[in-house]
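**Student:** Got a predicted model here, sequence first, then my questions.
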Amino acid sequence: MRHQDDRPYEVDLKGYGRTFPHAFGPAEHPLFFTRVLVSPEGDRLLLDVGKALIEAEQIGQDEVSDYLSISFSGVDAVNHFFGPSSLENEDVVLQLDRTLADLFQFIDKQVGLDKTLIVFSADHGMAEMPEYATELGYDAGRIYGDEVLAMARKISGAVFGSEGLVKDFFRPYLYLDGNAVSAKKLNRQNVATAIAEELARKPGIGGAIPSSGILLGQLSGPAAAVRHNHHPQRAGDVYVFQQPYWFMFDRGPVAAMHGSPWRYDTHVPIIFVGPDIDAARVGRLVHPIDVAPTLSALLNISPPAAAEGTVLVEVVDQSP
């Protein structure tokens, strides 16, 4: 089998195993609840909570619209440890489909699907495990946070004579030591730009963008998405992201990761299902942030103050 069940780069959670069957072990085990999450059972437990909430809050039992949001995280957790091409991922997706069917049957009985709008989406995709991507012929590998930090400090030492100008790296940002920069009478923005230019040439680094460049909007292509993850008062000095198919995260028991601007990380479904919505497939580019203003328009209420998305006319124009 091409996607075999036992691959050395999958993660064994201290006895959870890389192959089926996966045993949770005794409840007192320190990783018991983590193991439950890294399985379809975590989603099923959340389903029980959702059902209890619907009953306790009497959702859908009067003329006022109710909003219920449930985040099933089993697919996310399983992918982190086993990767998207694993049998574990196939299983958790199949089981999630059954869990959703159970939820919709319950809602139909309690409220009626003819009175319910269902919106389905995700907050991110998932990269393939770099070892498997390499087997498929892609340029892939792993680069860890401490390696990014070491490279940046080495660049700082070579260019400015001091590795101490670089304080730390917390993915995705590299942070400079403001006091050290001032002590050498250097311009912080110039230091960040110089380090970013050299860092971007290193293997595994897809881009290194100084915060000044982000603020000025000097971005194009996939890197343009970086500006959505930048807050001037909280961000670091250089935003660093990996090349396609490369893994960039801290060292530890993680097989696959997300968080890059590449399509496999950013392409997610957005599905609206309701009694007044005709079946259709929309080919234009839309975004998850469009969901909130679209729901607001359907409910005839003001969108959240910080909403940046646009109303999906394909959904709203069909409503009565």
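**Tutor:** Great, that's in hand.

**Student:** Val291: neighbour count?
**Tutor:** Residues within reach of Val291, counting by other Cβ atoms under 10 Å, total 19. All C-beta spots, glycine's among them, are computed from the backbone N, C-alpha and C.

**Student:** Three-state assignment for it, please.
**Tutor:** Here Val291 is helix, with the state taken from DSSP: H, G, I helix; E, B strand; the rest coil.

**Student:** can you give me the helices in the stretch 1-150 of the chain?
**Tutor:** 32-37, 40-56, 74-82, 87-110, 130-135, 145-160 (DSSP state H, counting those that start in this stretch).

**Student:** hang on, I meant the stretch 151-300 of the chain
**Tutor:** 178-183, 188-199, 211-215, 263-266, 291-299.

**Student:** so can I have a markdown table of the ones you listed showing mean pLDDT and distance to Glu88?
**Tutor:** Listed next are these as a markdown table, based on pLDDT from 0 to 100; distance: least, Cβ to Cβ, whole Å:
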| stretch | mean pLDDT | distance to Glu88 |
| --- | --- | --- |
| helix 178-183 | 98 | 45 |
| helix 188-199 | 98 | 35 |
| helix 211-215 | 91 | 37 |
| helix 263-266 | 94 | 18 |
| helix 291-299 | 96 | 29 |
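
**Student:** is it possible to export the helices of the stretch 1-150 of the chain to a markdown table including mean neighbour count and mean pLDDT?
**Tutor:** What follows is the helices of the stretch 1-150 of the chain, written out as a markdown table (neighbours: other Cβ atoms under 10 Å; pLDDT from 0 to 100):
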| stretch | mean neighbour count | mean pLDDT |
| --- | --- | --- |
| helix 32-37 | 16 | 97 |
| helix 40-56 | 15 | 98 |
| helix 74-82 | 22 | 97 |
| helix 87-110 | 16 | 98 |
| helix 130-135 | 19 | 96 |
| helix 145-160 | 18 | 98 |
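
**Student:** How is this protein divided into domains?
**Tutor:** Domain segmentation of the chain under automatic domain parsing yields 32-134+262-275, 142-244.

**Student:** quick one: which of those domains is nearest Arg251?
**Tutor:** Of all the domains of the chain, domain 142-244 sits nearest to Arg251, with 5.0 Å by Cβ to Cβ.

**Student:** Could you check how far that closest one is from the centre of its chain?
**Tutor:** 22 Å (Cα atoms, centre = their mean, to the nearest Å).

**Student:** and the closest residue to Val148 other than its chain neighbours, how many neighbours does it have?
**Tutor:** Distances taken as Cβ to Cβ, 6 or more residues apart in numbering place Phe169 nearest to Val148, at 5.0 Å, with adjacent residues excluded. By other Cβ under 10 Å, 23 other residues sit near Phe169.

**Student:** do the one 4 residues further on as well
**Tutor:** Per other Cβ under 10 Å, the neighbour tally for Tyr173 reads 17.

**Student:** give the contact list for it.
**Tutor:** Each residue near Tyr173 by Cβ atoms under 8 Å, 6 or more residues apart in numbering is listed here: Ala235, Gly236, Asp237, Val238, Tyr239, Val240.

**Student:** Skip the chain neighbours and tell me the closest residue to the fourth one.
**Tutor:** What that stands for is Val238. Per Cβ to Cβ, 6+ apart, closest to Val238 is Leu174, 4.0 Å.

**Student:** now the second one
**Tutor:** The shortest distance from Gly236 to any residue that is not its chain neighbour, by Cβ to Cβ, 6+ apart, is 2.8 Å, and that residue is Tyr173.

**Student:** Relative to Gly145, how far out is that neighbour?
**Tutor:** Separation of Tyr173 from Gly145 (Cβ to Cβ, to the nearest Å) stands at 11 Å.

**Student:** and what of Ala180?
**Tutor:** Taking Cβ to Cβ, one finds Ala180 at 20 Å from Gly145.

**Student:** swap in Phe81?
**Tutor:** Distance from Phe81 to Gly145, by Cβ to Cβ: 19 Å.

**Student:** So which residue is dead centre in the protein?
**Tutor:** Among the residues of the chain, His124 comes closest to the average C-alpha position under Cα atoms, centre = their mean, at 3.7 Å.

**Student:** List the contacts of that residue.
**Tutor:** When contacts are counted by Cβ under 8 Å, 6+ apart, His124 is found next to His258, Gly259, Asp265, Thr266, Val268.
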